[in-house]
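Participant: model this:
(one chain, ligands or ions: 1)
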Amino acid sequence: MKPYRKLALLLIVALLYLNSGIFVARAEEDEKIVPILMYHNIVDDIAGHDPGANIEKENFKSHIRAILRAGYTPVKLSDYCDAVKNDKPLPQKPIVVTFDDGYASNYWIAYPFLREFDFPATVFVVTESVGMKANGQYYEHFTWKQAKEMDESGIIDIQSHTHSHKNMGTLSRGMRNMEFRMSKYLIEKNLGKECKIFAYPYGSYDQETYNLGYLAGYEVQLKVYDVDSGEDYLANSTKDGLENLTRLTISNDLDSEELIEFIRQAEENTKNKKIEKKITKTLDNLSEIE
Ligand SMILES: [Zn+2]
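Facilitator: Numbering: from 1, shown residues only. So this is what the prediction gives:
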């Protein structure tokens, strides 16, 4: 390519970059960027517990209050999926809160607190561990009776996080099928509702497994990280469908102010990533013309 043509091309790209933000804002006014937060267990005092998988009770409560103060409207994951699939409206600044594994603390601490604010959340339960008592290695898990009470309240939506919390990527096809189908069967039998959403333990995921999950009846399957980049700092766009929903790992290391900043940053990253994709596409088109 001749130097002046290169310069012209660069100028075009620069102009496109500047315009793309405006273009995105104008053309996709109804697009919403939606963060999905992932919590696990809640403890009274973090001392002696892994701050990555546990959050102190008071810190958790301050997170929830801060989310509401920042103007977010919590939506159920199933409602978010319904809105994306059927092009239904969502409230301003929607946010989704989820808990993994099915700890008893979700029932004793999160559920009554969230109910006070009419704040919906989704719990991804490991069906084999339901009702498990605390021992040296594991925390107590809620029972099916407690799960049913939460699910029927309309505040907590219970969905699947496998039957035995194994790394799906390491299992045979038959075992992966068992994990999908056994957990779905037990949730539906014990809670008397349909289970259509699945969250992968350890973010372990590949296309063949996704297809098995789909055939087992899951309409939506969530990973932890962004599938392409492995990055754990993105929100989701209502324009991107439901195939690559990603969640933000929330640890006790974030206080309420840092949480809001973390969420804001994830939203910003998501918007930038969309602009980057648009520019790459434009560049590809331009190089074809060249
Ligand atoms: Zn898990």
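Participant: Which positions in this protein make contact with the ion?
Facilitator: Taking CB under 5 Å from the ion as the contact definition, the chain meets the ion at 100, 101, 201. Backbone N, C-alpha and C define where each C-beta goes, glycine included.
Participant: least confident pick among these?
Facilitator: Ranked by pLDDT, the residues of the chain next to the ion bottom out at residue 201 (92).
Participant: What distance do you get for the residue of the stretch 1-150 of the chain found nearest the ion to residue 53?
Facilitator: Scanning the stretch 1-150 of the chain for the residue nearest the ion gives residue 100, at 4.1 Å (criterion: CB to the ion). Distance of residue 100 to residue 53, given as CB to CB, to the nearest Å: 9 Å.
Participant: Compare those two (neighbour count), which wins?
Facilitator: The neighbour count for residue 100 versus residue 53, taken as other CB atoms under 10 Å, is higher for residue 100 (25 against 17).
Participant: what sits up against the host helix or strand of the more buried one?
Facilitator: Assigned by DSSP states H and E, residue 100 belongs to strand 94-101. Contacts with strand 94-101, where a contact means CB atoms under 8 Å, 6 or more residues apart in numbering, come from 32, 34-41, 64, 67, 72-77, 80, 106, 110, 114, 119-126, 129, 141, 161, 165, 199, 201, 222, 247, 263.
Participant: And stretch 81-89, by the same measure?
Facilitator: Residues contacting stretch 81-89 (CB under 8 Å, 6+ apart): 30, 75, 90, 197, 219, 220, 238, 241, 242.
Participant: can you pull the buried residues of it?
Facilitator: 81, 82, 83, 84 (16 or more other CB atoms under 10 Å).
Participant: so which strand or helix has the second one?
Facilitator: So the one you mean is residue 82. If you go by DSSP H and E, residue 82 is part of helix 77-86.
Participant: Dig out what the residue of the stretch 1-150 of the chain closest to the ion forms beta bridges with.
Facilitator: residue 124 (DSSP bridges).
Participant: Look up how far residue 197 lies from it.
Facilitator: 12 Å.
Participant: Now for these two: what residues contact both?
Facilitator: residue 124.
Participant: Tell me which stretches of the stretch 1-150 of the chain form helices.
Facilitator: For the stretch 1-150 of the chain, helices defined by DSSP state H, counting those that start in this stretch occupy the ranges 3-27, 57-69, 77-86, 104-105, 111-116, 144-153.
Participant: mean pLDDT for those helices: which is lowest?
Facilitator: helix 3-27 (a mean of 57).
Participant: Would you tell me which helix is longest in this structure?
Facilitator: For the chain, the helix that runs over the most residues, judged by DSSP state H, is helix 256-289.
Participant: For residue 174, the count of nearby residues, please.
Facilitator: 8.
Participant: rewinding a little: now intersect the contacts of strand 94-101 with the strands, please.
Facilitator: Residues from the contacts of strand 94-101 lying in strands, with DSSP state E as the criterion: 34, 36-39, 41, 73-74, 121-125, 199, 222.
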